[in-house]
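**Student:** here's my sequence, what's the structure:
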Amino acid sequence: MIQTKKQSLIESLINVSIGFIITIISLNIIFPILGIKSNPEKNIVLTIYFTILSIIRNYIIRRFFNKKSRTS
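**Tutor:** Have a look, this model is predicted:
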């Protein structure tokens, strides 16, 4: 299925938003188990950083495969 750029962005944002919530919860569970000292503010900044990278990565990959699909 070929998506428009807008559809690709919306899919990526929904996917990453769910991942954002899962990551915030996961960091609060795994960091104490691993003995990593952190606080909610640092966890949010770290999650935002990786969320932005994830949005960009998902969008680029989706557009790549859409372009490849059109040329096949």
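**Student:** how about stretch 8-17: buried residues?
**Tutor:** By 16 or more other C-beta atoms under 10 Å, the buried positions in stretch 8-17 come out as 8-9, 12, 16. In short, each C-beta sits where N, CA and C put it, glycine included.
**Student:** and if you look at stretch 33-48?
**Tutor:** Under the neighbour-count criterion of 16+ other C-beta under 10 Å, stretch 33-48 has 43, 47 buried.
**Student:** just name the closest of the buried residues of stretch 8-17 to Gly35, please.
**Tutor:** Val16 (28.3 Å; C-beta to C-beta).
**Student:** the closest one in helix, strand or coil?
**Tutor:** Following DSSP: H, G, I helix; E, B strand; the rest coil, Val16 is assigned to helix.
**Student:** from Arg70, how far out is it?
**Tutor:** Distance, Val16 to Arg70, using C-beta to C-beta, to the nearest Å: 25 Å.
**Student:** where in this protein is pLDDT low?
**Tutor:** Scanning the chain for pLDDT under 70 picks out the ranges 1, 72.
**Student:** follow-up on the earlier one: a markdown table for the buried residues of stretch 8-17, including distance to Ser38 and secondary structure?
**Tutor:** As requested, the buried residues of stretch 8-17 are exported to a markdown table (distance: C-beta to C-beta, whole Å; DSSP: H, G, I helix; E, B strand; the rest coil):
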| residue | distance to Ser38 | secondary structure |
| --- | --- | --- |
| Ser8 | 33 | helix |
| Leu9 | 31 | helix |
| Ser12 | 27 | helix |
| Val16 | 21 | helix |
